[in-house]
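Undergrad: Can you look at this prediction? I've put the sequence above it.
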Amino acid sequence: MSKNYESEFTQFLKSYKKAHPDVEKRQREGRARLWDKTQDPELIDSFKQAHVAQRPYVYQND
């Protein structure tokens, strides 16, 4: 492939970002809203303590 080659998709993304300059900012805001959350260590510890061990064969009747 030529070093100057750009796929149609890459060309589309570049033109889209030129037409919509705020798209990356909105992506970062959306990620922060959904994924970038601080973790509460006490809550994680309580989840680990509340974990119930699963039996080796789940469907076995006792």
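TA: On my side now, so go ahead.

Undergrad: Point out where this protein drops to low pLDDT.
TA: Across the chain, the ranges flagged by pLDDT under 70 are 1.

Undergrad: show me where it has helices.
TA: Ranges of helices in the chain, per DSSP state H, are 8-19, 23-34, 41-49.

Undergrad: May I see the buried residues of the last one?
TA: It refers to helix 41-49. For helix 41-49, burial by neighbour count (16 or more other Cβ atoms under 10 Å) applies to no residue. Bear in mind the C-beta positions are built from the backbone N, C-alpha and C, glycine included.

Undergrad: So that it lines up with my notes, have the first residue be 32 from now on.
TA: In the new count, where the first residue is 32, that last one comes out as helix 72-80.

Undergrad: For it, which outside residues touch it?
TA: By Cβ atoms under 8 Å, 6 or more residues apart in numbering, no residue outside helix 72-80 reaches it.

Undergrad: quick check, distance from it to the centre of its chain.
TA: Remark: helix 72-80 is offset 22 Å from the chain centroid, using Cα atoms, centre = their mean, to the nearest Å.
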